[in-house]
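> Pasting the sequence and the predicted coordinates here, then a few questions.
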Amino acid sequence: MNASPAVLSPPYDVARVRADFPILARSIHGKPLVYLDSAASSQRPLAVLRAVEHYETTLHANVHRGVHSLSQWATEAYERSRETVRRFINARSSREIVFVRGTTEAINLVANSWGRGHLTAGDEVLITHLEHHANIVPWQMVCAATGARLRAAPVTAAGELDLDAFRQLLSARTRLIAVAHVSNALGTVLPVQEIARIAHAQGIPVLLDGAQAVPHAAVDVRALDCDFYAFSGHKVYGPTGIGVLYGRESLLAAMPPWQGGGEMILSVSIEASTYNELPWKFEAGTPNISGAIGLGAALEYVESLGREAIAAHEHGLLELASQSLAALPGVRLVGTAAGKAAVVSFTMKGIHPHDIGTILDSEGIAIRTGHHCAMPIMQFYGLPATARASFGCYNDTQDVERLIQGVRKVRELFG
C-alpha cells in the first residue's frame, strides 16, 4: 500500500511579509534600511496601522458605561482584543487578561499588589542574573518596603541558567520566583516549564517575563503552568504603551487594586469604595484603547503567518548570523546557549559597541548597543556593553549579509 503523500506547509514568504511593513521601504543615510533592533521595539505591519487608524477615525469614544453607539462599538472592539489575547496565550478566561502599559507595568503591578500583601521580613524573591531591569528593580523596591530579600540564581559562561544552583537557592523562605522566559540581552531561552514544576512542588508561585518570548514562539500559559505572565505589545508588532498581565484568576481575585480611580470601581462614597470585577479592577482610568485594538490586530497578524513558521525562519537567520560573526577576526559572541531566540550579542576587540552601532547606522543598519537594561549580566561578563542584532519576522538573509559587511567595515575603519 502506498503511503499517503505528506501535507507540506507553504514556504515562508519573507518577501511578502516585508511588503506588509511600510517602514522597511525607506532609506537611512542613503542606504536601504536594515532593521535589526526588534528586541527593543518591533516594526508594525499595515494590518496594525490600519486597525488603529480605523478605530481613531470611525470608532473613537471612551469605553464601558457609555450608552451611545460609538462607546458601545469602541467597547466591543476593546474587549474583542482582550479575547484575542486570551486565545493567543491560551488563558482559561478573559478575566485573567489585564491590559497594562507594558511588561514593566505588569511586573510592577504584581510586585505592589501581590508582593506587598504576601512578603514580610525574612521572605525571599528569587530571580536570575539574566533579568531585564524591569524584573529586578520592582522586586528591589518591594523588598526594601517589606524587609524581604532579593536573591539571584547564577548563569554559566554560555549564558544559560545554572539550574542546580537555582534549586539550591530555593528554601522555605522563597515566596515567589520571577524569571525571564527569554533573555533580552543574550536570547537565552530559560527552562521555564522545569522552573514552574520545581517551584510548584514547593507551593511557590511563578512570574514569567515574556516580553522576548511572545514574538518568537508559541506561548501557552496553561502548558507553562505559570501563575503570572507579562508581555509588551511593541515587541510583538503592536503599538507602544500597551501590554498584558496574565494572572491565574484565583490569584488576581485575591489581590487588591494597585491604582485607584475611575473604571476600577463599582461604587464610591467618601467613606469607602467597592472595587470592580476582574480584570477591570486593575485597569484604573481611561485605557489605551487604540493600543489594545492594535495589539489584537498584531496578534492576529502573527497567527496568520504561523508562530512555528516565524520561529523556524528566525532560527535560520540566527544561526547564519552567529556563524558568520564568529568567523570574523576579533569578534566575540556573548551568550552561546544551546537554546536561543532571535538575538545575537557580540563585541569587537578594541572597539566600543557604541562605535560599532554608529558606523553600522551610517550604513543604514539599525542595531542596539549598550547594557540593554540588563546590567547584572553585563557585569557577569565583565563588559560595559555589547552590540546586539535582533531579528523579526520581516528580516531576511540579505539583512544578515549587510550586517556582516557592516561589521567588516567597522574593522577596516579601526584598522
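That came through, no problem.

> which residues touch Val52?
Val52 is in contact with 239, 290-291, 293-294, 297, counting by C-beta atoms under 8 Å, 6 or more residues apart in numbering. (C-beta placed from N, C-alpha, C; glycine too.)

> ok, so of these, who is nearest Gly247?
Gly291 (19.8 Å; C-beta to C-beta).

> Would it be right to say that the closest one lies in a helix?
Yes: assessed with DSSP: H, G, I helix; E, B strand; the rest coil, Gly291 lies in a helix.

> Apart from its neighbours in sequence, what residue is nearest it?
Ile242 (3.2 Å; C-beta to C-beta, 6 or more residues apart in numbering).

> can you tell me how far Tyr246 sits from Val221?
As defined by C-beta to C-beta, to the nearest Å, Tyr246 lies at a distance of 5 Å from Val221.

> what do those two both touch?
With C-beta under 8 Å, 6+ apart, Tyr246 and Val221 have common neighbours 89, 91, 229.

> Let me have those in JSON lines, adding pLDDT as columns.
JSON lines is the format used below for the shared contacts of Tyr246 and Val221 (pLDDT from 0 to 100):
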{"residue": "Ile89", "pLDDT": "98"}
{"residue": "Ala91", "pLDDT": "98"}
{"residue": "Tyr229", "pLDDT": "98"}
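
> Among the residues you listed, name the ones in helices.
Ile89 (DSSP state H).

> Most neighbours among the shared contacts of Tyr246 and Val221, please name it.
Tyr229 (28 neighbours; other C-beta atoms under 10 Å).

> what residues are up against the closest residue to that one other than its chain neighbours?
Counting by C-beta to C-beta, 6+ apart, Tyr246 is the residue found nearest to Tyr229 once chain neighbours are left out, at 4.2 Å. Taking C-beta under 8 Å, 6+ apart as the criterion, Tyr246 is in contact with 89, 91, 96-98, 221, 226, 228-230.

> One more pass at 10 Å, please.
85-86, 89-92, 96-98, 106, 207-208, 210, 219, 221, 226-231, 252, 279 (C-beta atoms under 10 Å, 6 or more residues apart in numbering).

> how near is it to Ser322?
Relative to Ser322, Tyr246 is positioned 32 Å away (C-beta to C-beta).

> What ranges does the stretch 251-400 of the chain have for its helices?
Counting by DSSP state H, counting those that start in this stretch, the segments of the stretch 251-400 of the chain that form helices are 289-305, 307-326, 353-362, 375-381, 397-414.

> So which of those is nearest Ala178?
Among the helices of the stretch 251-400 of the chain, helix 375-381 sits nearest to Ala178 (C-beta to C-beta), with 13.8 Å.

> can you give me how far the closest one is from the chain middle?
20 Å (C-alpha atoms, centre = their mean, to the nearest Å).

> And that helix, what's buried?
375-378, 380-381 (16 or more other C-beta atoms under 10 Å).

> Counting neighbours, what do you get for Gln212?
When counting by other C-beta under 10 Å, one arrives at 30 neighbours for Gln212.
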